[in-house]
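Chemist: Return atomic coordinates for the entry below.
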Amino acid sequence: MKRHTLALGLTAALGFSATALAGGAAQSIHVYKSPTCGCCGDWIEHLEENGFEVTATNTNDMGKIKADAGLIPGLGSCHTAFVGDYVIEGHVPADDIKRLLAEAPRATGLSVPGMPAGSPGMEMGDRKDPYKVILFNGAGQTRVFAEHN
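Modeler: Residues are numbered from 1 along each chain as shown. From the prediction side, this is the model:
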């Protein structure tokens, strides 16, 4: 659980509180992204439209952010975020993040690996590729949290 502890340390250092989120306060999420990535900005807009209070930090060292967050191989995407005690990787829909926070499973976080067309921030007209939201933990275990078709 070392990686999960790192993720928890990062969320605490960023001032996130699971208690505050549970108490009905605005859900704060901190997004780390490349300064040149347009789809990350579109995903941030999706979060804001769905009630999240977003802080975004541009960085050229996403590899370090992902490693410090405990992201396991195969789950990477273009941006990494922290909400409550969780890591959110890639184009995870806001409703899935809200469900994660409500259910509060023992996990490191959620990921939408890659950049599937039709996921939030990756809208491409009518094209909507099916994709899965993956729940993962620091031991390298994963399971499907949600499927979007």
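Chemist: Report the central residue of the protein.
Modeler: Among the residues of the chain, Ile88 comes closest to the average C-alpha position under Cα atoms, centre = their mean, at 1.6 Å.
Chemist: for that residue, what are its contacts?
Modeler: 29, 80-82, 97, 109-111 (Cβ atoms under 8 Å, 6 or more residues apart in numbering). Glycine gets a C-beta too; all of them are placed from N, C-alpha and C.
Chemist: Out of those, which sit inside strands?
Modeler: 29, 80-82, 109-111 (DSSP state E).
Chemist: measure the most far-flung residue of the chain relative to its centre to Ala117 for me?
Modeler: Going by Cα atoms, centre = their mean, the residue of the chain most distant from its centre is Asp126, 24.3 Å out. As judged by Cβ to Cβ, to the nearest Å, Asp126 and Ala117 stand 10 Å apart.
Chemist: Over to Ile44?
Modeler: Applying Cβ to Cβ to Ile44 and Ala117 gives a distance of 18 Å.
Chemist: Pick out whichever of those two has more residues nearby.
Modeler: Legend: neighbour count by other Cβ atoms under 10 Å for Ile44 and Ala117, higher for Ile44 (21 against 15).
Chemist: ok, which stretches of the chain are strands?
Modeler: Using DSSP E, strands in the chain cover 27-33, 52-58, 80-83, 86-90, 109-112, 131-136, 142-148.
Chemist: Now distance to Cys39 and mean pLDDT too, for those, in CSV please.
Modeler: Listed next are the strands of the chain as CSV, based on distance: least, Cβ to Cβ, whole Å; pLDDT from 0 to 100:
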stretch, distance to Cys39, mean pLDDT
strand 27-33, 9, 97
strand 52-58, 13, 97
strand 80-83, 14, 97
strand 86-90, 10, 97
strand 109-112, 12, 97
strand 131-136, 14, 98
strand 142-148, 16, 97
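Chemist: so can I have TSV of the ones you listed showing distance to Pro73?
Modeler: As requested, those are arranged in TSV below (distance: least, Cβ to Cβ, whole Å):
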stretch	distance to Pro73
strand 27-33	18
strand 52-58	24
strand 80-83	14
strand 86-90	12
strand 109-112	11
strand 131-136	11
strand 142-148	11
